[in-house]
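K.L.:
Sequence and computational prediction follow.
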2 protein chains.
Amino acid sequence: MRNSLFENMNKQELITQIQQKKSFLCIGLDVDLAKIPTHLLTEEDPIFEFNKQIIDATHHLAVAFKPNTAFYEAYGLKGWKALEKTINYINENYPEIFTIADAKRGDIGNTSSMYAKAFFEDLNFDSITVAPYMGSDSVEPFLAFENKTTILLALTSNKGGLDFQGLKTGNNELYKEVLKTALTWKNSENLMFVVGATKAEYFAEIRKIVPNHFLLVPGVGAQGGNLQDVCKYGLTKECGLLINSSRGIIYAGNDENFVKAAQKAAYILQQEMAQILSK
Amino acid sequence: MRNSLFENMNKQELITQIQQKKSFLCIGLDVDLAKIPTHLLTEEDPIFEFNKQIIDATHHLAVAFKPNTAFYEAYGLKGWKALEKTINYINENYPEIFTIADAKRGDIGNTSSMYAKAFFEDLNFDSITVAPYMGSDSVEPFLAFENKTTILLALTSNKGGLDFQGLKTGNNELYKEVLKTALTWKNSENLMFVVGATKAEYFAEIRKIVPNHFLLVPGVGAQGGNLQDVCKYGLTKECGLLINSSRGIIYAGNDENFVKAAQKAAYILQQEMAQILSK
């Protein structure tokens, strides 16, 4: 979503987009050169070319795109350049799209400010994922950007997710303490939370703490989560969910027809979402 | 520290360096264009030029250099390029130096592997700082690199550090649980831990859990920690500490004599360290 004096990203714009597209799909742009169709490898910038074709084919089915920075940093300068070109391409051609830098950053206050500057100003993403371990002053510099969204890790769906997030701290598991504490931070209305889809039964508990905040939900598809289950417990009146799929969409095909395969995979999820939203 | 078939980074090399230089100083290369001497701003790459001069003037007083990636990402492609040039410059000219990418990364397993590739292979850092919130499979891909070091956040010295790290989980605070759990991970011998210097009294407790692992200690100087206090509780037979100073050294001066000012600030710390080591 492009920011200008007249066009500010906010929750309402995202909700409008969800209603218009009948979709709350986020597509993860995690580009691995070992997995993309080989005919793209002769392009000058294969990563960007792959993203561009995926974005063009799926932008009407998705409300958000989420490049994970690890996949770009792994290719050094070329990767960082491809990330810049990708976010610029989305902002110029599909300004309605909500863009997420899946960067999982977090550092002491003045350093987090530098990360916020990098992703919100320099790259002009609408949002960034942030890790909570270092506490309030590691997150508040991101929250200070009023027309930007900070997506805090709460409960992740990976194998080791519960190693610490599931530890009891008093009466609550750590991830609940993270949710509760984050609500007390300055500008907490600019928060969303990452909640993994492999643990759908947790959504009811989470909604008691954050009834209205949007949740970014990875783990549908490749990581084994179920869309219906997540929606049963996680959906709000305003939708309140962004469901991410990465590999299930972008690597649905791996030959010259990869674009059609990706579009079909996105369409199937969007159709399922349209049905859920119509209820 | 440059890696080759014949020259592998390991703990012993770091210890040897500490003994030879009588120093366990790490210098944080957190370059902010608003703070460096203005005469450098006309250089083609002011960030790298600043780093190069600081490194040349202080490499004999320090055993480690630690660029914080936030300060480079904030300048986009130029910043990433300056980071590449900086790490290459150290590896080529001062291969004995232990290099730390202060990146505080961490993601699900396959994604952490991409970060490990970016910093250990592409940039050839000896080590990287990693956040623990996502648990075992977010850290083990870094630990899998046998001649590299993974520096896990345990107890940080920032204002919000105790928001979650200080929460009681059973009988222990979370940061102690992180230390204990990390020791059970595969290749845990490749771990160091970040422990902030503003809480010197915690070092005695921490040494009960990790008696031998190296601790990277930010917060001496600008963040208010005291070197003597930290060493009283944190020092091991092999030293076991890397004390970081960033702003206190690199911004000791801000005119054309900034190099001498930085060298003097580093020298004062090194002399204090030499005295501590001689006891």
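P.N.:
Thanks, I have it. Numbers count the residues shown, from 1 in each chain, chains lettered A, B, ... in the order given.
K.L.:
Not counting its neighbours along the chain, what's nearest A:H59?
P.N.:
Leaving aside its sequence neighbours, A:H59 sits nearest to A:Y94 (Cβ to Cβ, 6 or more residues apart in numbering or on different chains; 4.7 Å). Backbone N, C-alpha and C define where each C-beta goes, glycine included.
K.L.:
Now do the buried residues in the longest helix belonging to chain A.
P.N.:
As assigned by DSSP state H, the longest helix anywhere in chain A is helix A:258-278. Neighbour counts over helix A:258-278 (16 or more other Cβ atoms under 10 Å in any protein chain shown) mark A:258-259, A:261-267, A:269-270, A:272-273, A:276-277 as buried.
K.L.:
for the residue of the stretch 151-279 of chain A found nearest chain B, helix, strand, or coil?
P.N.:
Closest residue of the stretch 151-279 of chain A to chain B, Cβ to the nearest Cβ: A:G160 (2.6 Å). Secondary structure assignment for A:G160 (DSSP: H, G, I helix; E, B strand; the rest coil): coil.
K.L.:
ok, and what's touching the helix or strand harbouring A:S138?
P.N.:
Element membership for A:S138, per DSSP states H and E: helix A:136-143. Residues outside helix A:136-143 that contact it (Cβ atoms under 8 Å, 6 or more residues apart in numbering or on different chains): A:106-110, A:112-113, A:115-116, A:120, A:128, A:130-132, A:148, A:150, A:152, A:181-182, A:185-188, A:190-191, B:158-160, B:163.
K.L.:
what's near enough to touch A:K168?
P.N.:
Residues near A:K168 by Cβ under 8 Å, 6+ apart: A:L174, B:T169, B:G170.
K.L.:
Give me the local confidence score for the residue of the stretch 1-150 of chain A found nearest chain B.
P.N.:
Using Cβ to the nearest Cβ, the single residue of the stretch 1-150 of chain A nearest to chain B is A:G135, 2.6 Å away. Looking at A:G135, its pLDDT stands at 98.
K.L.:
And for A:Q228?
P.N.:
In this model, A:Q228 is scored at 89, pLDDT.
K.L.:
so what's A:L155 bridging to?
P.N.:
A:L155 forms beta bridges with A:V195, as assigned by DSSP bridges.
K.L.:
in terms of contact, does it touch A:V195 like I think?
P.N.:
Yes. Because the distance of 5.0 Å satisfies Cβ atoms under 8 Å, A:L155 is recorded as touching A:V195.
K.L.:
Next, show the common contact partners of those two.
P.N.:
Joint contacts of A:L155 and A:V195 (Cβ under 8 Å, 6+ apart) are A:Y202, A:I206.
K.L.:
re earlier: could I get the contacting residues of the residue of the stretch 151-279 of chain A closest to chain B?
P.N.:
Per Cβ under 8 Å, 6+ apart, neighbours of A:G160: B:M134, B:G135, B:S136, B:D137, B:S138, B:V139.
K.L.:
Counting neighbours, what do you get for the residue nearest to A:H59?
P.N.:
17 (other Cβ atoms under 10 Å in any protein chain shown).
K.L.:
A:T16 too?
P.N.:
Neighbourhood size, A:T16 [other Cβ under 10 Å]: 13.
K.L.:
Equivalent analysis for A:Y89, please.
P.N.:
Residues contacting A:Y89 under the criterion other Cβ under 10 Å number 16.
K.L.:
Am I right that it is in contact with A:Q53?
P.N.:
No. Under the criterion of Cβ under 8 Å, A:Y89 is not in contact with A:Q53, lying 10.9 Å apart.
K.L.:
A:I90 is in contact with A:I97, isn't it?
P.N.:
Yes. Between A:I90 and A:I97 there is a contact under Cβ under 8 Å: 5.4 Å.
K.L.:
Who are the contact partners of the residue of chain A positioned farthest from its centre?
P.N.:
Within chain A, the residue lying farthest from the chain centre (Cα atoms, centre = their mean) is A:G170, at 30.6 Å. Listed by Cβ under 8 Å, 6+ apart, the contact set of A:G170 reads A:E177, B:L167, B:K168.
K.L.:
what about 7 Å?
P.N.:
By Cβ atoms under 7 Å, 6 or more residues apart in numbering or on different chains, the contact list for A:G170 reads B:K168.
K.L.:
From B:G76, how far off is it?
P.N.:
Look at A:G170 and B:G76: by Cβ to Cβ, to the nearest Å, they are 43 Å apart.
K.L.:
do A:I47 as well
P.N.:
Distance of A:I47 to B:G76, computed by Cβ to Cβ: 17 Å.
K.L.:
who's more crowded, the two?
P.N.:
More crowded of A:I47 and B:G76, by other Cβ under 10 Å: A:I47, with 25 against 17.
K.L.:
just checking, A:T198 touches A:V217?
P.N.:
No. Using Cβ atoms under 7 Å as the test, A:T198 is too far from A:V217 to be in contact (9.9 Å).
K.L.:
of the two, who's got more company?
P.N.:
Each of A:T198 and A:V217 has its neighbours counted (other Cβ under 10 Å); A:V217 has more, 27 against 21.
K.L.:
Name all residues that make contact with the more buried one.
P.N.:
For A:V217, the contact set (Cβ under 7 Å, 6+ apart) comprises A:V195, A:A197, A:V230, A:L241, A:L242, A:I243, A:N244.
K.L.:
Out of the residues you listed, which is nearest to B:I206?
P.N.:
B:I206 has its nearest neighbour among the contacts of A:V217 in A:V195, at 31.8 Å by Cβ to Cβ.
K.L.:
And the pLDDT for the closest one?
P.N.:
In this model, A:V195 carries a pLDDT of 96.
K.L.:
Give the intersection of the neighbour lists for A:I90 and A:I97.
P.N.:
Jointly contacting A:I90 and A:I97 under the rule Cβ under 7 Å, 6+ apart are A:F65.
K.L.:
Among these two, which residue is more densely surrounded?
P.N.:
A:I90 (27 against 22).
K.L.:
helix/strand/coil for the more buried one?
P.N.:
Following three-state DSSP, A:I90 is assigned to helix.
K.L.:
A:N212 against A:T236, yeah?
P.N.:
Yes. A:N212 lies in contact with A:T236 (Cβ under 7 Å); the separation is 6.0 Å.
K.L.:
So which of those two has more stuff around it?
P.N.:
A:T236 (14 against 11).
K.L.:
Spell out which residues sit in contact with that one, please.
P.N.:
So A:T236 contacts A:P211, A:N212 (Cβ under 7 Å, 6+ apart).
K.L.:
repeat for A:K66
P.N.:
Contacts for A:K66 (Cβ under 7 Å, 6+ apart) come out as A:C26, A:I27, A:G28, A:L29, A:I100, A:D102, A:N244.
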